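1. With the input below, show me the fold.
(one chain, ligands or ions: 2)
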Amino acid sequence: MEANGFKIALFTCLVIALSIYIPIYRIEFHDGTYSPVNRTGEVRFSDPSPFDEDFMFTSTAEDTDQSYSLHYDYYRDSCPSAERIIGKSIRDVYETRPSIAPNLIRLLFHDCFIEGCDASVLLDTDVAFASEKEAPPNLSLKGLDVIDEIKSELENECPGVVSCADILVLAARESVLMAGGPFYPLETGRKDSVVAFKDFVERELPSPQATLSEILARFATRGFNEQETVSLFGAHSIGITHCTFFEDRLYNFSGTGKPDPEMNPGYLQELKTKCPFSASASSPSQSLGTGLGQSLPASDDSKNDYGMSSSGGNNDGVIDLSYNNEGGDENFGTRYYRRLLQKKGLIYSDQQLTSREETEMWVKAYASDPQLFRRDFAMSMMKLSNYHVLAGPLGQVRTTCSKVLPMKN
Ligand code: HEM
Ligand SMILES: [Ca+2]
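-> Ligands and ions are numbered 1, 2, ... in the order given. Okay, the predicted model is just below:
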(Lines give C-alpha, C1' and ligand atoms only; values in the text may rest on other atoms or scores of the structure.)
(Ligands and ions follow the chains in the order given, each with its own letter.)
Protein backbone atom coordinates (compact mmCIF):
# COMPACT_ATOMS: atom_id res chain seq x y z
CA MET A 1 0.00 0.00 0.00
CA GLU A 2 2.82 2.36 0.93
CA ALA A 3 4.53 1.67 -2.35
CA ASN A 4 1.30 2.51 -4.15
CA GLY A 5 0.94 5.73 -2.22
CA PHE A 6 4.47 6.66 -3.18
CA LYS A 7 3.84 5.87 -6.83
CA ILE A 8 0.69 7.99 -6.87
CA ALA A 9 2.54 10.88 -5.21
CA LEU A 10 5.37 10.56 -7.73
CA PHE A 11 2.92 10.49 -10.63
CA THR A 12 1.14 13.58 -9.29
CA CYS A 13 4.44 15.43 -8.93
CA LEU A 14 5.45 14.55 -12.48
CA VAL A 15 2.16 15.73 -13.89
CA ILE A 16 2.35 18.97 -11.92
CA ALA A 17 5.97 19.55 -12.90
CA LEU A 18 5.20 19.04 -16.57
CA SER A 19 1.96 20.98 -16.39
CA ILE A 20 3.60 24.12 -15.09
CA TYR A 21 4.55 24.86 -18.64
CA ILE A 22 1.28 24.25 -20.30
CA PRO A 23 -2.21 25.63 -20.20
CA ILE A 24 -5.14 23.31 -19.70
CA TYR A 25 -5.95 22.01 -23.09
CA ARG A 26 -9.28 22.29 -24.68
CA ILE A 27 -9.65 19.17 -26.71
CA GLU A 28 -11.67 19.40 -29.84
CA PHE A 29 -13.44 16.11 -29.83
CA HIS A 30 -15.01 16.24 -33.23
CA ASP A 31 -12.29 16.56 -35.80
CA GLY A 32 -14.53 17.38 -38.70
CA THR A 33 -14.21 13.86 -40.02
CA TYR A 34 -16.33 12.01 -37.56
CA SER A 35 -17.62 8.73 -38.78
CA PRO A 36 -21.24 7.70 -38.66
CA VAL A 37 -19.93 4.33 -37.48
CA ASN A 38 -19.81 4.23 -33.73
CA ARG A 39 -16.37 3.01 -32.74
CA THR A 40 -17.51 2.27 -29.20
CA GLY A 41 -20.03 -0.36 -30.09
CA GLU A 42 -22.50 1.50 -27.84
CA VAL A 43 -25.57 3.44 -28.85
CA ARG A 44 -24.76 7.13 -28.89
CA PHE A 45 -27.20 9.15 -26.81
CA SER A 46 -26.79 12.47 -28.54
CA ASP A 47 -24.36 14.42 -30.58
CA PRO A 48 -22.97 17.09 -28.30
CA SER A 49 -21.21 20.20 -29.46
CA PRO A 50 -17.44 19.82 -29.40
CA PHE A 51 -17.20 23.01 -27.40
CA ASP A 52 -19.76 22.23 -24.72
CA GLU A 53 -17.34 21.35 -21.99
CA ASP A 54 -13.82 21.92 -20.88
CA PHE A 55 -11.76 18.82 -20.37
CA MET A 56 -8.40 18.18 -18.88
CA PHE A 57 -6.56 16.62 -21.76
CA THR A 58 -5.13 13.94 -19.54
CA SER A 59 -8.22 12.30 -18.36
CA THR A 60 -11.45 12.56 -20.26
CA ALA A 61 -12.66 10.19 -22.85
CA GLU A 62 -14.96 10.14 -25.86
CA ASP A 63 -17.63 12.55 -26.89
CA THR A 64 -20.74 11.46 -25.11
CA ASP A 65 -22.94 13.10 -22.58
CA GLN A 66 -21.05 11.36 -19.87
CA SER A 67 -17.29 11.48 -19.62
CA TYR A 68 -15.21 8.62 -18.41
CA SER A 69 -11.77 8.95 -17.01
CA LEU A 70 -8.48 7.26 -17.34
CA HIS A 71 -6.73 6.55 -14.07
CA TYR A 72 -3.25 6.25 -12.79
CA ASP A 73 -2.38 2.55 -12.30
CA TYR A 74 -5.79 1.48 -13.59
CA TYR A 75 -4.73 -2.18 -13.55
CA ARG A 76 -3.48 -2.06 -9.95
CA ASP A 77 -6.07 -4.59 -8.78
CA SER A 78 -7.15 -6.28 -12.00
CA CYS A 79 -3.70 -6.97 -13.44
CA PRO A 80 -0.95 -5.62 -11.18
CA SER A 81 1.89 -6.90 -13.33
CA ALA A 82 0.58 -5.40 -16.59
CA GLU A 83 2.83 -2.36 -16.84
CA ARG A 84 5.84 -4.35 -15.67
CA ILE A 85 5.24 -7.04 -18.30
CA ILE A 86 4.88 -4.47 -21.07
CA GLY A 87 7.99 -2.55 -20.02
CA LYS A 88 10.11 -5.69 -19.69
CA SER A 89 8.97 -7.10 -23.03
CA ILE A 90 9.98 -3.95 -24.84
CA ARG A 91 13.36 -3.80 -23.09
CA ASP A 92 14.02 -7.46 -23.95
CA VAL A 93 13.05 -7.10 -27.60
CA TYR A 94 15.03 -3.86 -27.88
CA GLU A 95 18.26 -5.69 -26.98
CA THR A 96 18.23 -7.70 -30.18
CA ARG A 97 15.96 -5.52 -32.28
CA PRO A 98 16.46 -1.82 -31.53
CA SER A 99 14.29 -0.91 -34.52
CA ILE A 100 11.32 -1.87 -32.35
CA ALA A 101 11.52 1.55 -30.66
CA PRO A 102 10.87 3.67 -33.78
CA ASN A 103 8.46 1.02 -35.08
CA LEU A 104 6.20 1.35 -32.05
CA ILE A 105 6.43 5.13 -31.73
CA ARG A 106 5.25 5.42 -35.33
CA LEU A 107 2.54 2.82 -34.73
CA LEU A 108 1.23 4.90 -31.84
CA PHE A 109 1.13 8.03 -34.00
CA HIS A 110 -0.74 6.21 -36.75
CA ASP A 111 -3.26 4.85 -34.25
CA CYS A 112 -3.89 7.99 -32.22
CA PHE A 113 -4.06 10.32 -35.21
CA ILE A 114 -6.91 8.30 -36.69
CA GLU A 115 -9.93 8.59 -34.43
CA GLY A 116 -7.87 8.51 -31.27
CA CYS A 117 -5.81 6.00 -29.31
CA ASP A 118 -8.18 3.07 -29.56
CA ALA A 119 -5.98 0.41 -31.22
CA SER A 120 -8.10 0.74 -34.38
CA VAL A 121 -4.86 0.43 -36.35
CA LEU A 122 -4.37 -3.14 -35.15
CA LEU A 123 -7.65 -4.58 -36.46
CA ASP A 124 -7.71 -6.99 -39.39
CA THR A 125 -10.30 -6.61 -42.11
CA ASP A 126 -13.68 -7.87 -40.96
CA VAL A 127 -17.06 -8.27 -42.62
CA ALA A 128 -17.99 -4.86 -41.23
CA PHE A 129 -14.89 -2.83 -42.11
CA ALA A 130 -11.56 -2.76 -43.91
CA SER A 131 -8.32 -2.84 -41.96
CA GLU A 132 -6.37 0.39 -41.49
CA LYS A 133 -3.27 -1.72 -42.07
CA GLU A 134 -4.27 -1.99 -45.71
CA ALA A 135 -4.28 1.78 -46.19
CA PRO A 136 -1.15 2.78 -48.13
CA PRO A 137 0.34 4.98 -45.38
CA ASN A 138 0.26 2.00 -43.05
CA LEU A 139 1.80 -0.62 -45.30
CA SER A 140 5.25 -0.06 -43.83
CA LEU A 141 4.17 -0.14 -40.19
CA LYS A 142 6.13 -2.61 -38.13
CA GLY A 143 6.29 -3.98 -34.63
CA LEU A 144 2.74 -5.32 -34.58
CA ASP A 145 4.08 -8.79 -33.86
CA VAL A 146 5.55 -7.50 -30.61
CA ILE A 147 2.23 -5.98 -29.54
CA ASP A 148 0.62 -9.37 -30.25
CA GLU A 149 3.23 -11.18 -28.18
CA ILE A 150 2.72 -8.84 -25.26
CA LYS A 151 -1.04 -9.25 -25.56
CA SER A 152 -0.73 -13.06 -25.41
CA GLU A 153 1.40 -12.83 -22.32
CA LEU A 154 -1.11 -10.52 -20.67
CA GLU A 155 -4.01 -12.76 -21.68
CA ASN A 156 -2.28 -15.63 -19.89
CA GLU A 157 -1.70 -13.50 -16.83
CA CYS A 158 -5.10 -11.77 -16.61
CA PRO A 159 -7.50 -12.70 -19.40
CA GLY A 160 -9.65 -10.03 -20.98
CA VAL A 161 -8.37 -7.20 -18.80
CA VAL A 162 -5.66 -5.12 -20.46
CA SER A 163 -6.73 -3.26 -23.60
CA CYS A 164 -4.67 -3.21 -26.77
CA ALA A 165 -4.90 0.59 -26.73
CA ASP A 166 -3.18 0.70 -23.33
CA ILE A 167 -0.56 -1.82 -24.44
CA LEU A 168 0.22 0.40 -27.41
CA VAL A 169 0.68 3.62 -25.44
CA LEU A 170 2.72 1.93 -22.71
CA ALA A 171 4.88 0.07 -25.24
CA ALA A 172 5.50 3.32 -27.11
CA ARG A 173 6.49 5.08 -23.90
CA GLU A 174 9.02 2.36 -23.11
CA SER A 175 10.26 2.64 -26.67
CA VAL A 176 10.86 6.36 -26.27
CA LEU A 177 12.89 5.64 -23.14
CA MET A 178 14.88 2.92 -24.87
CA ALA A 179 15.69 5.30 -27.72
CA GLY A 180 17.12 7.85 -25.29
CA GLY A 181 14.01 10.00 -25.02
CA PRO A 182 12.25 11.28 -21.90
CA PHE A 183 9.94 9.43 -19.52
CA TYR A 184 6.36 10.68 -19.25
CA PRO A 185 3.61 9.56 -16.91
CA LEU A 186 0.57 7.88 -18.43
CA GLU A 187 -2.82 7.07 -17.07
CA THR A 188 -4.49 3.88 -18.23
CA GLY A 189 -7.95 2.43 -18.76
CA ARG A 190 -8.27 3.00 -22.52
CA LYS A 191 -10.67 0.71 -24.34
CA ASP A 192 -10.38 -0.71 -27.83
CA SER A 193 -12.54 0.36 -30.76
CA VAL A 194 -14.94 -2.05 -32.42
CA VAL A 195 -14.28 -0.70 -35.91
CA ALA A 196 -11.39 0.47 -38.08
CA PHE A 197 -11.19 3.58 -40.25
CA LYS A 198 -9.24 2.76 -43.37
CA ASP A 199 -10.63 5.68 -45.39
CA PHE A 200 -9.67 8.12 -42.68
CA VAL A 201 -6.06 6.96 -42.80
CA GLU A 202 -5.88 7.84 -46.47
CA ARG A 203 -7.54 11.20 -45.91
CA GLU A 204 -6.15 12.29 -42.60
CA LEU A 205 -2.56 11.17 -42.16
CA PRO A 206 -0.35 13.91 -43.58
CA SER A 207 1.67 12.87 -46.61
CA PRO A 208 5.47 13.21 -46.70
CA GLN A 209 4.84 15.85 -49.36
CA ALA A 210 2.58 17.87 -47.05
CA THR A 211 3.15 21.60 -46.82
CA LEU A 212 3.47 23.37 -43.49
CA SER A 213 -0.10 24.68 -43.73
CA GLU A 214 -1.45 21.18 -44.28
CA ILE A 215 0.61 19.76 -41.44
CA LEU A 216 -0.39 22.46 -38.98
CA ALA A 217 -4.03 22.17 -39.96
CA ARG A 218 -4.12 18.39 -39.41
CA PHE A 219 -2.46 18.68 -36.03
CA ALA A 220 -4.52 21.71 -34.98
CA THR A 221 -7.72 19.77 -35.65
CA ARG A 222 -6.52 17.35 -33.01
CA GLY A 223 -5.68 20.11 -30.55
CA PHE A 224 -1.92 20.41 -31.15
CA ASN A 225 -0.44 23.88 -31.53
CA GLU A 226 2.70 24.74 -33.53
CA GLN A 227 5.08 24.14 -30.65
CA GLU A 228 3.59 20.73 -29.85
CA THR A 229 3.58 19.75 -33.50
CA VAL A 230 7.23 20.67 -33.95
CA SER A 231 8.15 18.78 -30.80
CA LEU A 232 6.42 15.59 -31.97
CA PHE A 233 8.47 15.63 -35.16
CA GLY A 234 11.49 15.00 -32.93
CA ALA A 235 10.46 11.34 -33.21
CA HIS A 236 11.97 11.48 -36.69
CA SER A 237 15.41 11.53 -35.12
CA ILE A 238 15.23 7.73 -34.96
CA GLY A 239 14.16 4.92 -37.28
CA ILE A 240 14.24 4.63 -41.04
CA THR A 241 12.72 6.09 -44.18
CA HIS A 242 12.42 4.33 -47.50
CA CYS A 243 13.94 6.25 -50.41
CA THR A 244 10.60 6.24 -52.11
CA PHE A 245 9.31 8.83 -49.65
CA PHE A 246 11.79 11.51 -50.59
CA GLU A 247 13.45 10.53 -53.88
CA ASP A 248 11.40 13.11 -55.78
CA ARG A 249 13.43 15.69 -53.84
CA LEU A 250 16.63 14.21 -55.23
CA TYR A 251 15.67 13.89 -58.89
CA ASN A 252 12.38 15.45 -59.82
CA PHE A 253 11.13 17.96 -57.31
CA SER A 254 7.59 19.15 -58.10
CA GLY A 255 7.90 17.76 -61.61
CA THR A 256 10.81 20.10 -62.48
CA GLY A 257 13.22 17.28 -63.35
CA LYS A 258 15.62 18.89 -60.85
CA PRO A 259 16.38 18.38 -57.17
CA ASP A 260 14.71 20.35 -54.39
CA PRO A 261 16.64 23.65 -54.27
CA GLU A 262 16.01 23.77 -50.54
CA MET A 263 18.17 20.72 -49.90
CA ASN A 264 21.74 21.12 -48.73
CA PRO A 265 23.87 20.39 -51.85
CA GLY A 266 26.43 18.15 -50.13
CA TYR A 267 23.68 16.20 -48.46
CA LEU A 268 21.86 15.87 -51.77
CA GLN A 269 24.90 14.20 -53.33
CA GLU A 270 25.28 11.81 -50.41
CA LEU A 271 21.63 10.83 -50.59
CA LYS A 272 21.81 10.23 -54.34
CA THR A 273 24.41 7.54 -53.78
CA LYS A 274 22.19 5.88 -51.17
CA CYS A 275 19.01 6.20 -53.23
CA PRO A 276 19.84 5.78 -56.91
CA PHE A 277 17.44 7.14 -59.51
CA SER A 278 14.36 5.02 -59.98
CA ALA A 279 11.26 5.15 -62.17
CA SER A 280 9.03 6.41 -59.40
CA ALA A 281 11.14 9.52 -58.93
CA SER A 282 10.75 10.44 -62.57
CA SER A 283 6.99 10.37 -62.51
CA PRO A 284 5.43 13.51 -61.10
CA SER A 285 2.14 11.73 -60.62
CA GLN A 286 3.87 9.33 -58.27
CA SER A 287 6.10 11.83 -56.60
CA LEU A 288 3.58 14.55 -55.95
CA GLY A 289 0.72 14.49 -53.56
CA THR A 290 0.33 10.77 -53.50
CA GLY A 291 3.06 10.60 -50.92
CA LEU A 292 2.38 7.78 -48.57
CA GLY A 293 -0.04 6.49 -51.15
CA GLN A 294 2.77 4.69 -52.88
CA SER A 295 3.15 1.05 -52.15
CA LEU A 296 6.06 0.09 -50.09
CA PRO A 297 8.53 -2.65 -49.59
CA ALA A 298 7.70 -5.13 -46.94
CA SER A 299 9.13 -4.99 -43.52
CA ASP A 300 12.64 -6.31 -43.53
CA ASP A 301 13.39 -6.66 -39.87
CA SER A 302 10.20 -7.76 -38.22
CA LYS A 303 8.30 -10.95 -38.47
CA ASN A 304 4.86 -9.51 -38.86
CA ASP A 305 2.39 -11.01 -41.21
CA TYR A 306 0.17 -8.03 -41.76
CA GLY A 307 -0.45 -8.60 -45.40
CA MET A 308 2.28 -6.49 -46.95
CA SER A 309 3.48 -7.33 -50.42
CA SER A 310 7.14 -8.09 -50.59
CA SER A 311 8.13 -5.96 -53.54
CA GLY A 312 5.82 -3.01 -53.76
CA GLY A 313 8.38 -0.22 -53.83
CA ASN A 314 10.13 1.06 -56.90
CA ASN A 315 13.14 1.94 -54.87
CA ASP A 316 13.37 -0.04 -51.70
CA GLY A 317 16.49 1.60 -50.32
CA VAL A 318 16.32 2.63 -46.73
CA ILE A 319 17.91 5.63 -45.06
CA ASP A 320 18.45 5.94 -41.37
CA LEU A 321 16.41 8.87 -40.08
CA SER A 322 19.28 9.51 -37.70
CA TYR A 323 21.58 9.51 -40.73
CA ASN A 324 24.94 11.06 -39.91
CA ASN A 325 24.23 11.15 -36.23
CA GLU A 326 27.47 11.07 -34.38
CA GLY A 327 25.94 9.38 -31.35
CA GLY A 328 25.69 10.75 -27.86
CA ASP A 329 22.91 12.08 -25.71
CA GLU A 330 21.64 14.50 -28.28
CA ASN A 331 20.69 11.79 -30.73
CA PHE A 332 17.09 11.82 -29.69
CA GLY A 333 15.72 15.12 -30.84
CA THR A 334 18.25 17.91 -30.75
CA ARG A 335 20.46 16.76 -33.57
CA TYR A 336 17.43 16.25 -35.80
CA TYR A 337 16.50 19.91 -35.39
CA ARG A 338 20.07 21.05 -36.03
CA ARG A 339 20.03 19.13 -39.25
CA LEU A 340 16.79 20.81 -40.30
CA LEU A 341 18.53 24.16 -39.77
CA GLN A 342 21.31 22.96 -42.11
CA LYS A 343 18.68 22.06 -44.75
CA LYS A 344 19.37 18.40 -44.17
CA GLY A 345 15.81 17.25 -43.56
CA LEU A 346 15.15 13.96 -45.33
CA ILE A 347 11.40 14.10 -45.81
CA TYR A 348 9.91 17.20 -47.44
CA SER A 349 7.34 17.62 -44.67
CA ASP A 350 10.13 17.62 -42.05
CA GLN A 351 12.00 20.38 -43.85
CA GLN A 352 8.75 22.36 -44.01
CA LEU A 353 9.18 23.06 -40.29
CA THR A 354 11.83 25.63 -41.16
CA SER A 355 9.76 27.27 -43.88
CA ARG A 356 8.00 29.78 -41.63
CA GLU A 357 8.97 31.71 -38.54
CA GLU A 358 6.16 30.30 -36.37
CA THR A 359 7.60 26.80 -36.52
CA GLU A 360 11.24 27.61 -37.27
CA MET A 361 11.52 29.37 -33.91
CA TRP A 362 10.76 26.04 -32.21
CA VAL A 363 13.17 24.17 -34.46
CA LYS A 364 15.85 26.63 -33.35
CA ALA A 365 14.82 26.35 -29.72
CA TYR A 366 14.99 22.55 -29.74
CA ALA A 367 18.25 22.56 -31.71
CA SER A 368 19.92 24.53 -28.97
CA ASP A 369 18.15 23.35 -25.83
CA PRO A 370 17.92 19.56 -25.36
CA GLN A 371 16.13 19.90 -22.01
CA LEU A 372 13.45 22.10 -23.52
CA PHE A 373 12.92 19.53 -26.25
CA ARG A 374 12.71 16.64 -23.80
CA ARG A 375 10.15 18.44 -21.68
CA ASP A 376 8.01 19.45 -24.65
CA PHE A 377 8.28 16.08 -26.36
CA ALA A 378 7.18 14.38 -23.12
CA MET A 379 4.17 16.68 -22.86
CA SER A 380 3.21 16.20 -26.48
CA MET A 381 3.52 12.41 -26.28
CA MET A 382 1.28 12.41 -23.21
CA LYS A 383 -1.21 14.50 -25.09
CA LEU A 384 -1.00 12.26 -28.16
CA SER A 385 -1.44 9.15 -25.99
CA ASN A 386 -4.61 10.62 -24.47
CA TYR A 387 -6.13 11.89 -27.66
CA HIS A 388 -9.79 10.97 -28.10
CA VAL A 389 -9.60 7.78 -26.05
CA LEU A 390 -12.43 5.42 -25.22
CA ALA A 391 -12.89 4.63 -21.52
CA GLY A 392 -15.41 3.36 -19.01
CA PRO A 393 -18.14 1.33 -20.72
CA LEU A 394 -17.21 2.69 -24.14
CA GLY A 395 -15.42 0.31 -26.44
CA GLN A 396 -14.18 -3.12 -25.41
CA VAL A 397 -11.10 -5.01 -24.32
CA ARG A 398 -10.20 -7.24 -27.23
CA THR A 399 -8.63 -10.58 -26.42
CA THR A 400 -6.74 -10.62 -29.71
CA CYS A 401 -5.64 -7.18 -30.85
CA SER A 402 -6.46 -7.82 -34.49
CA LYS A 403 -10.06 -8.90 -33.88
CA VAL A 404 -13.09 -7.32 -32.27
CA LEU A 405 -15.01 -9.33 -29.71
CA PRO A 406 -18.48 -10.41 -30.76
CA MET A 407 -20.97 -7.66 -29.94
CA LYS A 408 -23.31 -8.08 -26.98
CA ASN A 409 -26.97 -7.85 -27.84
C1 HEM B 1 3.45 15.25 -41.12
C2 HEM B 1 3.63 14.28 -40.28
C3 HEM B 1 4.40 13.05 -40.58
C4 HEM B 1 4.74 12.48 -41.76
C5 HEM B 1 4.38 12.96 -43.16
C6 HEM B 1 5.52 11.32 -41.48
C7 HEM B 1 6.05 10.48 -42.43
C8 HEM B 1 6.91 9.45 -42.17
C9 HEM B 1 7.53 8.63 -43.17
C10 HEM B 1 7.35 8.77 -44.66
C11 HEM B 1 8.29 7.72 -42.54
C12 HEM B 1 9.14 6.62 -43.19
C13 HEM B 1 8.38 5.33 -43.17
C14 HEM B 1 9.07 4.22 -43.93
O15 HEM B 1 9.87 4.46 -44.82
O16 HEM B 1 8.78 3.05 -43.63
C17 HEM B 1 8.18 7.97 -41.14
C18 HEM B 1 8.83 7.26 -40.18
C19 HEM B 1 8.65 7.48 -38.82
N20 HEM B 1 7.77 8.35 -38.24
FE21 HEM B 1 6.73 9.79 -39.17
N22 HEM B 1 5.65 11.18 -40.13
C23 HEM B 1 4.99 12.21 -39.54
C24 HEM B 1 4.86 12.45 -38.18
C25 HEM B 1 5.32 11.61 -37.20
C26 HEM B 1 5.03 11.75 -35.80
C27 HEM B 1 4.17 12.86 -35.18
C28 HEM B 1 5.66 10.74 -35.16
C29 HEM B 1 5.68 10.36 -33.71
C30 HEM B 1 5.36 11.12 -32.72
C31 HEM B 1 6.35 9.97 -36.17
C32 HEM B 1 7.17 8.91 -35.93
C33 HEM B 1 7.89 8.24 -36.89
C34 HEM B 1 8.92 7.26 -36.57
C35 HEM B 1 9.40 6.88 -35.18
C36 HEM B 1 9.39 6.78 -37.79
C37 HEM B 1 10.42 5.69 -38.02
C38 HEM B 1 9.68 4.39 -38.20
C39 HEM B 1 10.53 3.15 -38.27
O40 HEM B 1 11.74 3.22 -38.31
O41 HEM B 1 9.91 2.07 -38.26
N42 HEM B 1 6.11 10.52 -37.40
N43 HEM B 1 7.31 9.01 -40.92
CA1 LIG C 1 -7.14 4.89 -33.80
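
2. First-to-last residue distance for stretch 381-400?
-> Across its full length, stretch 381-400 reaches 25 Å between end residues, using C-alpha to C-alpha, to the nearest Å.

3. likewise stretch 205-212?
-> End-to-end for stretch 205-212, by C-alpha to C-alpha: 14 Å.

4. likewise stretch 333-350?
-> So stretch 333-350: terminal residues 13 Å apart, C-alpha to C-alpha.

5. Leaving out chain neighbours, which residue sits closest to the residue in the chain that ligand 2 sits nearest to?
-> Scanning the chain for the residue nearest ligand 2 gives S120, at 3.5 Å (criterion: C-beta to the ion). For the C-beta atoms, the positions are set from N, CA and C on the backbone; glycine is no exception. Counting by C-beta to C-beta, 6 or more residues apart in numbering, S120 lies nearest to S193, which is 4.4 Å off, once chain neighbours are set aside.

6. number of nearby residues for that neighbour?
-> When neighbours are counted by other C-beta atoms under 10 Å, S193 registers 32.

7. ditto for the one 4 residues further on
-> Around F197 there are 26 other residues, counting by other C-beta under 10 Å.

8. rewinding a little: distance of the residue nearest to S120 relative to H388?
-> From S193 across to H388, the span is 10 Å (C-beta to C-beta, to the nearest Å).

9. in the chain, which segments are predicted with low confidence?
-> Within the chain, the segments meeting pLDDT under 70 span 1-38, 41-67, 279-316, 322-330, 408-409.

10. Pull the contacting residues for the residue nearest the centre of it.
-> Central residue of the chain (C-alpha atoms, centre = their mean): F109, 1.2 Å from the mean position. F109 sits next to L232, A235, L384 when contact means C-beta atoms under 8 Å, 6 or more residues apart in numbering.

11. Leaving out the residues flanking it, which one is nearest to A367?
-> Going by C-beta to C-beta, 6+ apart, A367 has Y337 as its nearest residue, at 3.8 Å.

12. Surely that neighbour and D369 touch.
-> No: Y337 is beyond contact range of D369, at 9.7 Å (criterion: C-beta atoms under 8 Å).

13. Give me the common contacts of those two.
-> By C-beta under 8 Å, 6+ apart, no residue touches both Y337 and D369.

14. And the two? Which one has more around it.
-> Using other C-beta under 10 Å, the more surrounded residue of Y337 and D369 is Y337, with 30 against 14.

15. what's near enough to touch that one?
-> Y337 touches G234, V363, K364, Y366, A367, F373, counting by C-beta under 8 Å, 6+ apart.

16. Could you report the separation of it from T96?
-> Taken as C-beta to C-beta, the span from Y337 to T96 is 30 Å.

17. ok, now which ones touch the residue of the chain closest to ligand 2?
-> The contact partners of S120, by C-beta under 8 Å, 6+ apart, come to R39, D111, I114, E132, S193, V195, A196, F197.

18. What values do phi and psi take at the closest residue to ligand 1 within the chain?
-> Nearest residue of the chain to ligand 1 (C-beta to the nearest ligand atom) works out as G239 at 2.4 Å. As for G239, its main-chain torsions (degrees, to the nearest 10) stand at phi 90, psi -160.
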